[in-house]
Structures are given as structure tokens and as C-alpha cells.
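J.: Got a sequence here, can you build the structure:
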Amino acid sequence: MSPNPPLIEMRGICKSFGPVKANADVDLSVAPGEILGLLGENGAGKTTLMNILFGAYQPDAGSILVRGAPVRISSSADALAAGIGMVHQHFHLASRLTVLENLLIGIPGRGGRLDRAGALKRLDEIARTHGLRLDPDLAVSSLSVGEQQRLEIVKALFRGAQLLILDEPTAVLAPSEVDGLFTALRSMAAQGLGIIFISHKLNEVRALTHRCLVLRHGRIAGRIDNPAETTSAEMARLMCGHEITSPQKGPSTPGAEMLTLSGISTPRHGGAELRDVSLAVRGGEILGVAGVSGNGQRALADVISGMLTPTAGTMTIAGREVKSFQPREVQALGLGRIPEDRMTTGLVTNLPLADSMVLPRIGTAAFSSKGLLKPGAIRAFAEEQIKAFDIRCPGPMVRAGALSGGNLQKALLARELAFDPKVLIAAQPTRGLDIGAARFVHEKFLDLRARGCGIVVISEDLEELLVLSDRIAVMYEGRFAGTLDAAEATIGRLGLLMTGAERRAA
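T.: A predicted model of the protein is given here:
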């Protein structure tokens with residue numbers, strides 16, 4: 001054993017799922033005090049590699065060493081015992097319990113009793129050391145998304161993690177919250193912790209990490225020793241194997257109003273309600289909607305999609321008033337929908353891809369007759385869209401859930417765009433997608449804009465909104481805090497609107 005072994009080391013890791021090699025002879029190491037960036041396209045093998053490290057999968061070959069000593073990690077409990085913690089993109093918290101109670105879940109007490117005093121002391125130590133302050137008595141359901149993420153990190157540190165794996169940690173954060181997270185991560189590294197940072201936001205990777213490992217098709221495509229001195233374009237080239245350029249947004253030529261909301265209010269839904277919301281989107285225009293998660297974006301998307309009936313207000317699509325706020329009604333009026341959660345409300349992952357791609361229109365004459373499905377027409381439609389959208393899969397009858405995130409999103413796009421919508425509502429359309437898949441989605445939106453569609457893009461990625469939008473409206477506490485022309489908008493100005501700072505100042 002060397003005198004200063006890595007904090008964690010993975011050697012020759014191999015993992016296959018049937019004929020697919022998810023990881024092929026991958027080596028990874030993290031030293032104490034190091035922040036390692038882990039990059040790659042969707043389906044490159046990043047998640048599989050981290051699931052092996054955290055005990056969810058067993059490798060077919062290879063070994064894991066902690067501080068130079070071989071270990072076998074068969075479960076997340078083994079990983080935690082080895083000092084490895086992971087903060088997933090979707091949080092694992094008990095929303096009805098308090099912050100302190102979430103920290104104590106699974107921790108043995110003293111003499112059969114929970115050690116609340118000891119837990120409070122440890123929570124205070126973490127807050128003083130890393131600036132991760134939380135009120136121990138607050139219910140998790142009352143925390144913002146940024147505070148819930150902070151709790152997940154604190155929970156890992158509370159259990160003694162010396163290596164922290166962070167999967168897309170900034171996807172749901174406002175710019176000010178990202179700054180706070182990075183301050184905490186740098187503090188942890190300064191205290192000797194190791195961090196693996198998985199992100200598709202290359203500017204953040206360049207700003208935070210000390211080194212990067214790039215995976216492509218399950219193999220190591222490259223190592224980056226100086227991320228701060230490496231351009232995002234060079235990183236993208238390593239990830240994708242070719243140049244990635246930003247799509248060119250031509251001038252907007254708005255036409256007639258395609259979508260209007262007037263005085264819309266809703267019951268509490270998805271963490272917030274809408275309060276007297278009005279907007280108008282014209283054909284040939286992209287309206288971006290920004291906001292910290294939980295400020296009404298989900299309610300807005302569900303009202304427009306016909307999944308939530310407002311308590312007040314009216315909505316029109318292409319000049320026709322929506323009467324019943326049902327998905328089939330708004331679809332018949334010309335609405336296309338890209339939902340936020342492609343795995344549950346977008347596609348039915350247990351069905352064949354072809355069936356999932358026609359399900360919203362399964363009762364139309366194109367795909368059924370007198371109550372009987374037309375399997376040939378369904379399959380032909382799916383094959384046509386797979387080819388047109390470069391959906392990488394074995395074929396139309398593959399189970400939808402077997403596709404990577406980027407290809408699932410392409411399938412959703414293909415389904416909705418095939419029927420030439422007059423209005424498209426897209427919620428978090430590129431969350432978790434690699435730079436190549438995100439660019440593909442952006443190009444399709446801009447093509448649709450050029451054809452006169454009115455598009456609403458709800459996203460917590462401000463750079464995405466600045467690239468795509470003609471106007472950007474910011475939601476705060478169920479209302480629009482302000483609307484800016486894209487040419488006038490900056491991340492700083494949008495961040496102030498997202499946190500309510502401009503409203504409080506006014």
C-alpha cells in the first residue's frame with residue numbers, strides 16, 4: 001500500500017446488460033480534497049459506474065479500493081459503511097418528518113432512544129464547518145428544493161461520508177443557490193473530503209472541478225487535468241466525439257395569438273398555486289418561463305395541458321376557448337405537450353416504444369378502427385419517427401423504459417411534433433440530457449417556431465432559456481414577477497426576479 005493512497009479507486013470496472021457493455025475496463029480515482037468531474041453523453045455509463053460504487057450493481061469484473069484497501073460493496077449500507085455517500089437527482093427524503101427526524105432515520109439510538117442531543121450537536125458542527133445551515137424542527141415538506149438538497153448533503157455527512165457523489169446537483173437550483181452549493185463543496189474539499197460531480201453544465205464543471213474523467217460508450221474517452229483551462233467546446237468534443245455548435249435562432253416574426261391565459265387561479269398544486277396569472281403567446285414565438293422549483297411552474301404546465309382545472313380565469317388555444325380543461329380537449333384544439341417527468345407522465349415505460357408513442361391518439365382513425373388497433377400502422381408510425389429523430393434503440397417494439405434519457409426525450413418530441421401542434425408546452429425539456437441531445441431538442445423547437453407554432457418552455461436552466469426564448473417570464477410565489485425580452489435578460493437579473501428580490505425592493 002502506498003503511503004498516500006487515493007481516497008477511492010475503481011480498477012478495471014466492467015459491467016454488461018445483455019449484449020450492451022455499460023462499462024468496459026474503466027479506471028477512476030479520487031484523492032482526499034479533490035473534486036472530480038464525471039462527464040459523458042446520456043447512456044455513456046456514468047450512472048452505471050456510480051451505481052456500482054454505491055452498491056446498487058455488482059461489477060462483472062474489476063475491483064474497488066478505499067484508501068488502498070480492497071472492499072466489496074454489495075449494498076448502499078456497505079457504501080455508507082465505507083464512507084461513500086450519494087445525493088441522487090431525485091431526493092430520498094421523508095416529507096412528513098422534520099429535518100432532524102430525517103437525519104436520525106436508520107441511526108441506532110442510545111439505550112433504545114434516539115440521540116436527539118447528539119444529532120443536534122453534529123448538525124451544528126456541519127453547519128459551522130461547511131455553511132450548510134438547516135432548522136432541525138422544520139418539516140421537509142416546507143423546505144425549498146435547494147434546502148432539500150442541502151439536507152441530502154448534510155444527511156450523507158451526518159453518516160460519516162468521506163466521498164460524496166453528486167448527480168446533476170444544480171439542475172433544480174437558482175443561480176444564488178448554485179453559488180451557495182459550490183461554496184459548501186469547496187469547503188468540504190478543503191477539509192479533505194472527496195467529491196464526484198456529475199453534470200452536463202460544462203461551465204459549472206470548469207468552475208468547480210480539479211480533474212475530469214470523460215466516458216463515451218462505456219469506455220474512457222479522455223481525462224482532463226485542467227478543466228478551468230479547457231473550453232466547453234473541447235469538453236463537448238470529448239463527450240460526443242464531434243463538434244457541438246449552438247443552434248442559430250433567427251429573428252422572431254410573431255403572428256396571431258395562439259395561447260392566452262386570463263386571470264387564472266388554481267388550488268395548491270405541486271407545491272404552489274397560481275394567483276391571477278395572465279399571459280399571451282403568439283405563433284412563431286418562444287416564451288421561456290423561469291423560476292425556482294415550486295413557485296407555480298407545475299401548476300401552469302398542468303393548466304395549459306388540461307390536467308388541472310383552474311378555480312378562476314379563462315384559456316384559449318388558437319382563438320378557441322377551453323371549456324372543460326381535459327387533456328383530450330386541449331389536444332383536439334392543437335396543443336402538444338412535453339411533460340416534466342418523461343418516465344411517469346410522458347411515456348409508459350413498461351409498454352413497447354411503438355405503443356407509448358401513439359397512446360394519446362390511440363383512438364383516432366390512424367391507429368384504430370371500430371375498437372380494434374391497427375398494429376401495422378402503429379409500428380410503421382414508430383419506425384418513421386425513430387428514423388426521423390435518430391432515436392437509438394433496437395426497434396419499435398423495445399420496452400420504452402430501456403431507452404436512455406436522451407432517446408426517451410426524442411421519442412416524446414417525435415410523438416408530439418408529428419401532429420403539427422399549434423401550441424407546444426414543454427416543461428424541463430432537457431433536464432438531465434447531454435449537450436448533444438439538448439442541442440437536438442433546441443433545434444426542433446426552433447424549427448417549430450419557424451413554422452408558426454407558439455411555444456412555452458418552462459425550465460430552471462437559465463442558459464437554455466436565454467438561447468431559445470424571445471421573451472422570458474419569471475414565476476415567483478404563483479405569479480409572474482416580471483417579463484423580459486431575451487435581448488435584455490441576464491442571468492443576474494433573472495436570478496433576482498426568481499428569488500423575489502426585485503419585488504421586495506419595489
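
J.: Do you have the strands of the stretch 251-400 of the chain handy? List them.
T.: According to DSSP state E, counting those that start in this stretch, the stretch 251-400 of the chain carries its strands in the segments 257-265, 277-282, 285-290, 312-317, 320-321, 335-338, 368-369, 372-373.

J.: So for residue 146, which of those strands sits nearest?
T.: strand 285-290 (15.1 Å; C-beta to C-beta). Placement of C-beta: from N, CA and C, glycine included.

J.: still on that earlier bit, so can I have a markdown table of the strands of the stretch 251-400 of the chain showing distance to residue 18, mean neighbour count and mean pLDDT?
T.: A markdown table is the format used below for those (distance: least, C-beta to C-beta, whole Å; neighbours: other C-beta atoms under 10 Å; pLDDT from 0 to 100):
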| stretch | distance to residue 18 | mean neighbour count | mean pLDDT |
| --- | --- | --- | --- |
| strand 257-265 | 44 | 19 | 97 |
| strand 277-282 | 45 | 19 | 96 |
| strand 285-290 | 40 | 26 | 96 |
| strand 312-317 | 44 | 17 | 96 |
| strand 320-321 | 49 | 12 | 96 |
| strand 335-338 | 30 | 25 | 93 |
| strand 368-369 | 33 | 13 | 90 |
| strand 372-373 | 29 | 10 | 90 |
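
J.: CSV please, covering these and showing distance to residue 470.
T.: Listed next are the strands of the stretch 251-400 of the chain as CSV, based on distance: least, C-beta to C-beta, whole Å:
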stretch, distance to residue 470
strand 257-265, 13
strand 277-282, 9
strand 285-290, 5
strand 312-317, 19
strand 320-321, 24
strand 335-338, 18
strand 368-369, 39
strand 372-373, 41
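
J.: closest to residue 4 out of those strands?
T.: With C-beta to C-beta as the yardstick, what comes closest out of the strands of the stretch 251-400 of the chain is strand 285-290 (45.4 Å).

J.: leaving aside the residues next to it on the chain, what's closest to residue 373?
T.: Distances taken as C-beta to C-beta, 6 or more residues apart in numbering put residue 367 closest to residue 373, at 6.6 Å, once the chain neighbours are dropped.

J.: residues touching that neighbour, list them.
T.: 358, 361, 373, 374, 377, 378, 381 (C-beta atoms under 8 Å, 6 or more residues apart in numbering).

J.: Looking at those, spot the one nearest residue 422.
T.: After measuring the contacts of residue 367 against residue 422 - C-beta to C-beta - the closest member comes out as residue 361, at 15.6 Å.

J.: list the contacts for the closest one?
T.: Per C-beta under 8 Å, 6+ apart, neighbours of residue 361: 331, 367, 419.

J.: Count the residues that sit near residue 205.
T.: By the criterion of other C-beta atoms under 10 Å, residue 205 has 23 neighbours.

J.: Helix or strand: which one has it?
T.: Per DSSP states H and E: residue 205 is located in helix 202-208.

J.: Give me the contacts around that helix.
T.: 35, 37, 39, 170, 178, 182, 185-186, 197, 199, 212, 227-228, 230, 232, 235-236, 435, 463.

J.: again, 7 Å this time
T.: 35, 37, 39, 170, 182, 185, 197, 199, 212, 227-228, 230, 232, 235-236, 435 (C-beta atoms under 7 Å, 6 or more residues apart in numbering).

J.: Which residues are in contact with residue 488?
T.: Per C-beta under 7 Å, 6+ apart, neighbours of residue 488: none.

J.: Same check on residue 433?
T.: The contact partners of residue 433, by C-beta under 7 Å, 6+ apart, come to 42, 200, 405, 406, 409, 441.

J.: Can you tell me which of those residues comes closest to residue 289?
T.: Distances from residue 289 to those, taken by C-beta to C-beta, are shortest for residue 441, at 16.2 Å.

J.: any idea how far the closest one lies from residue 258?
T.: 20 Å (C-beta to C-beta, to the nearest Å).

J.: cool, residue 500 as well?
T.: For residue 500 relative to residue 258 (C-beta to C-beta), the value is 30 Å.

J.: Residue 126: neighbour count?
T.: Neighbours of residue 126 under the rule other C-beta under 10 Å: 20.

J.: and the helix or strand containing it, how far out from the chain's middle?
T.: For residue 126, the host element (DSSP H and E) is helix 116-130. Remark: helix 116-130 is offset 30 Å from the chain centroid, using C-alpha atoms, centre = their mean, to the nearest Å.

J.: And for stretch 476-490?
T.: Worked out by C-alpha atoms, centre = their mean, stretch 476-490 lies 22 Å from the chain centre.

J.: So which other helices or strands are in contact with the helix or strand harbouring residue 39?
T.: Following DSSP H and E, one finds residue 39 within strand 35-40. Here strand 35-40 touches strand 194-198, helix 202-208, strand 211-216, helix 232-240, going by 3 or more C-beta pairs under 7 Å, 6 or more residues apart in numbering; DSSP states H and E.

J.: what does the next helix or strand after that strand contact?
T.: Remark: after strand 35-40, the chain's next helix or strand is helix 46-53, criterion DSSP H and E. Contacts to helix 46-53, defined as C-beta under 7 Å, 6+ apart, come from residues 10, 13, 15, 22-23, 26, 28, 38, 40, 57, 59, 64, 73, 79, 84, 86, 165, 167, 198, 215.
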